[in-house]
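Asks: Sequence and predicted structure, then a few things I'm wondering about:
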2 protein chains.
Amino acid sequence: MDNFTFYSPTKFVFGKGTESQAGQLVKAFGGTKVLIHYGGGSAVRSGLIDRVKDSLSKEDIPFMELSGVKPNPRSGLVYEGIDLCKANGIDFVLAVGGGSAIDSSKAIAAGVLYDGDFWDFYSGKASVQNALPVGTVLTIAAAGSEGSGDSVITKEEGMYKRGTGAEALRPKFSILNPGLTTTLPAYQTACGITDIMAHLYERYLTNTKDVEVTDRLLEALLITMKNEGPKVIKDPNDYQARANIMWAGTMAHTNSCGVGRSQDWNSHAIEHELSALYDCAHGAGLAVTMPAVFKYELGHDRARFEQAARRIWGYQTAEEGIEAFRKYLTSIGMPSTLGELGGKEEDIPVLVKNLCYGDGRNGTISGFVTLNEEDCTAIYKMML
Amino acid sequence: MDNFTFYSPTKFVFGKGTESQAGQLVKAFGGTKVLIHYGGGSAVRSGLIDRVKDSLSKEDIPFMELSGVKPNPRSGLVYEGIDLCKANGIDFVLAVGGGSAIDSSKAIAAGVLYDGDFWDFYSGKASVQNALPVGTVLTIAAAGSEGSGDSVITKEEGMYKRGTGAEALRPKFSILNPGLTTTLPAYQTACGITDIMAHLYERYLTNTKDVEVTDRLLEALLITMKNEGPKVIKDPNDYQARANIMWAGTMAHTNSCGVGRSQDWNSHAIEHELSALYDCAHGAGLAVTMPAVFKYELGHDRARFEQAARRIWGYQTAEEGIEAFRKYLTSIGMPSTLGELGGKEEDIPVLVKNLCYGDGRNGTISGFVTLNEEDCTAIYKMML
């Protein structure tokens, strides 16, 4: 195990009706004027936004709203949010939604306290030192952003999707009511399940030896997803399965189960180009990407893939384990080919170029295995 | 799964040589004058106390020392620490040691900011609202106090052992260097392993339904202990096994794996009377207690014990699983009878009386199963 620091000072308030605590929590963490940042549509229709506003009003906390966050959240809305906060003396950003609303909120929170262009944090030109406090009311179990210091934003010019991370971006509190996720369409639920499992597999694929405790924790969460995922696809109102998935999703990404070990993240890098170019759901992109990446990386450490096959899927060989995972993803309604995402073979050179030379890279991406243009081309071709 | 709040704002700094960061961490968390609180003996001889002092001196942070913490830490030293802090304007308590040093430090930290008798927190007369910040440098993987808001103190008059818990008692930081644990005698190492496994089993025995995610996480940590425990008994210098055990021990008790479910803690309550009366090691007392309690509680939910047997120990029946655990404890050098702890059959009425009528109880203890005097008598008799 490698040396590490683990710090997750987010207060998680979990369960039925917990969104009614939003106002008290904002107050406890020092917020006096709030930006409520969300997508729109369902959060408004379900009455959730009204319940959150009521909760703030009960504590006499004034608020403004900025809606319109889309999946793969855009830099344009972030600039708008930063201006709004600066012009109105807002000192707390409350995200209501999934990873997109939360990531966009984090970008706004960091941008407000920064003199330059917030994109500097995402292009690698600067690192986040300070940010306004952020709280979240989660409406989909997926990104894990409610318990992490990470944020991913897409820049409209060129549709570059880039991430940043900082201690200052960890939410002060996250309200996790599994009941809020029962109205999600099955496809979005399945995308969330896939994203959570990706966060676990990215950590599982390590070159660090002697990591029994984190291996076992990651397997525990993957087994949970394997068992609970199909339940919510079958019955969207299964609160208990939703609850198990939601806590697994948060635990998957606080990194308590990924400390002290190298991690992969090649699948995320390869997928980011798909959702940037095709604007597909991140989870759907990952469902197509992961089996291809795993098959390509298999030779690097067959024993690790065999361990996953045996302990998670109940198979003996590495190939059987990967195939079981692929079939699982298909069974919950996820795509398995580039074509299903709207991709074509002739796009592959563009995908590879953006991947291998974007984000300050010099022709390779490096995780569990270092992959060059040729490798990445082969992987995208495996998705056809 | 039940509603819950989970908040673990402790910064964990894990790995080789990390004790050299003590000074920086105290400074980062606002400490300007420190009480270093520890046992003595080995922490001094190994040079650890000197390294911690050097680290504080490098940051120009003045400190005082209070040594002499014993296993099952006593109220007398707590009173001494409170007086010392008050008289000298100390604003940070740095525990160096295991659960005893940490629990004693927490008691001092709470007592300094309280006008009444600190024992009020342990007798149930008052709850901790504020405390001086506490940091820890852990020297044994066992109690999990480095990642919890709990503290257990023994009152000399009557040798009552009582606990308290509060958010304010969670350490600001905990330095976890597994290398510091390699010099522990095998018996103490085994006591620590047993305590960690007890923290996991106490959470595993639940009456809450639909707790797949926490069941799997608890099993993951129990399997880790099953596999790594014998390695460190065989080779005390196995850093990697020490590291896996140390992180498992911390994760076992932050409660991330125990949220949203009722828990047992009958074994701890029953054991506390043993270590209070015989001053035996808490882990050794638990090794004797748990198999008896589990056999007695088995009929309450056979399926749960069967699940543990199957998933953790590789057996089918509940009885086989409990017996596998008992044999495991014996294999790492733990006792299995009351006699080995210095106990005698004629003490049982006193143990039962202290247990069932101490701590504000009215004749029963209540966890996974509610146990009355007759039940507790039967359980102590099973340990003969």
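Replies: All right, it came through fine.

Asks: switch to C-alpha atoms for all contacts and neighbour counts from now on
Replies: Fine.

Asks: Pull up the residues of the stretch 1-150 of chain A that are close to chain B.
Replies: Near chain B, the residues belonging to the stretch 1-150 of chain A are A:1-16 when assessed by CA under 8 Å from any CA of the partner chain.

Asks: quick one: which of those is most hemmed in?
Replies: Counting neighbours by other CA atoms under 10 Å in any protein chain shown, A:Phe14 leads these with 24 neighbours.

Asks: Tell me which of the residues of the stretch 1-150 of chain A next to chain B fall in strands.
Replies: When DSSP state E defines the strands, the subset of the residues of the stretch 1-150 of chain A next to chain B inside them is A:Phe4, A:Thr5, A:Phe6, A:Tyr7, A:Ser8, A:Pro9, A:Thr10, A:Lys11, A:Phe12, A:Val13, A:Phe14.

Asks: now A:Ser57, what's its secondary structure?
Replies: With DSSP: H, G, I helix; E, B strand; the rest coil as the basis, A:Ser57 sits in helix.

Asks: Quick one: residues contacting it.
Replies: Shown here is A:Ser57, whose contacts under the criterion CA atoms under 8 Å, 6 or more residues apart in numbering or on different chains are A:Gly23.

Asks: now swap in the one 10 residues further on and tell me
Replies: Remark: with contacts taken as CA under 8 Å, 6+ apart, A:Ser67 is in contact with A:Ile36, A:His37, A:Tyr38, A:Gly39, A:Gly40.

Asks: Repeat the analysis, applying 6 Å as the threshold.
Replies: Listed by CA atoms under 6 Å, 6 or more residues apart in numbering or on different chains, the contact set of A:Ser67 reads A:His37, A:Tyr38, A:Gly39, A:Gly40.

Asks: What subset of these is buried?
Replies: Those of these that meet the buried threshold are A:His37, A:Tyr38, A:Gly39, A:Gly40, by 16 or more other CA atoms under 10 Å in any protein chain shown.

Asks: Sitting in strands, which of the residues you listed do you find?
Replies: A:His37, A:Tyr38.

Asks: could the buried ones among the contacts of A:Ser67 go into TSV alongside pLDDT?
Replies: TSV is the format used below for these (pLDDT from 0 to 100):
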residue	pLDDT
A:His37	98
A:Tyr38	97
A:Gly39	95
A:Gly40	85
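
Asks: and of the buried ones among the contacts of A:Ser67, the nearest to B:Asp91?
Replies: Nearest to B:Asp91 among these is A:His37, at 39.4 Å by CA to CA.

Asks: how near is that closest one to chain B?
Replies: 24 Å (CA to the nearest CA, to the nearest Å).

Asks: mind checking the SS state of A:Arg162?
Replies: Reducing the assignment at A:Arg162 to three states with three-state DSSP gives strand.

Asks: Pull the contacting residues for it.
Replies: Contacts were defined as CA under 6 Å, 6+ apart; by that measure A:Arg162 touches A:Tyr122, A:Val152, A:Ile153.

Asks: rerun that using 7 Å as the cut-off
Replies: Contact criterion CA atoms under 7 Å, 6 or more residues apart in numbering or on different chains gives A:Tyr122, A:Val152, A:Ile153, A:Thr154 as the residues in contact with A:Arg162.

Asks: got a markdown table for the residues you listed, with pLDDT too?
Replies: A markdown table is the format used below for these (pLDDT from 0 to 100):
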| residue | pLDDT |
| --- | --- |
| A:Tyr122 | 94 |
| A:Val152 | 93 |
| A:Ile153 | 94 |
| A:Thr154 | 90 |
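
Asks: Just after the one helix or strand A:Glu297 maps to, pick out the following helix or strand.
Replies: When secondary structure is defined by DSSP states H and E, A:Glu297 falls within helix A:282-297. Next along the chain after helix A:282-297, taking DSSP H and E as the criterion, comes helix A:302-308.

Asks: Outside of that next one itself, list whatever touches it.
Replies: Contact with helix A:302-308 is made by A:Leu298, A:Gln316, A:Thr317, A:Ala318, A:Gly321, as judged by CA under 7 Å, 6+ apart.

Asks: Of the residues you listed, keep whichever come out buried.
Replies: Buried positions within the contacts of helix A:302-308, assessed by neighbour count (16+ other CA under 10 Å), are A:Leu298, A:Thr317, A:Ala318, A:Gly321.

Asks: And the helices in the stretch 51-200 of chain A, which stretches?
Replies: Taking DSSP state H, counting those that start in this stretch as the criterion, the stretch 51-200 of chain A contains helices spanning A:75-88, A:99-112, A:120-123, A:186-204.

Asks: mean pLDDT for the ones you listed: which is lowest?
Replies: Taking the average pLDDT of each of the helices of the stretch 51-200 of chain A, the minimum falls on helix A:120-123, with a mean of 94.

Asks: can you put the contacts of A:Ser67 in JSON lines and add distance to A:Pro230?
Replies: Written out in JSON lines, the entries for the contacts of A:Ser67 read as follows (distance: CA to CA, whole Å):
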{"residue": "A:His37", "distance to A:Pro230": "31"}
{"residue": "A:Tyr38", "distance to A:Pro230": "28"}
{"residue": "A:Gly39", "distance to A:Pro230": "27"}
{"residue": "A:Gly40", "distance to A:Pro230": "28"}
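
Asks: what two of these have the greatest distance between them?
Replies: That would be A:His37 and A:Gly40, which, of the contacts of A:Ser67, are the farthest apart (CA to CA) at 9.3 Å.

Asks: quick one, helices of the stretch 251-384 of chain A?
Replies: For the stretch 251-384 of chain A, the helices defined by DSSP H, counting those that start in this stretch occupy A:266-278, A:282-297, A:302-308, A:318-331, A:348-357, A:373-382.

Asks: could you check the angle helix A:318-331 makes with the second one?
Replies: Angular relation of helix A:282-297 and helix A:318-331 on a 0 to 180 degree scale: 170 degrees, by axes from the mean of the first three to the mean of the last three CA atoms, to 10 degrees.

Asks: Show me what helix A:282-297 is packed against.
Replies: Under the contact criterion of 3 or more CA pairs under 7 Å, 6 or more residues apart in numbering or on different chains; DSSP states H and E, helix A:282-297 touches helix A:186-204, helix A:266-278, helix A:318-331, helix A:373-382.

Asks: same thing but at 10 Å, please
Replies: When contacts are defined as 3 or more CA pairs under 10 Å, 6 or more residues apart in numbering or on different chains; DSSP states H and E, helix A:282-297 packs onto helix A:186-204, helix A:266-278, helix A:302-308, helix A:318-331, strand A:370-372, helix A:373-382.
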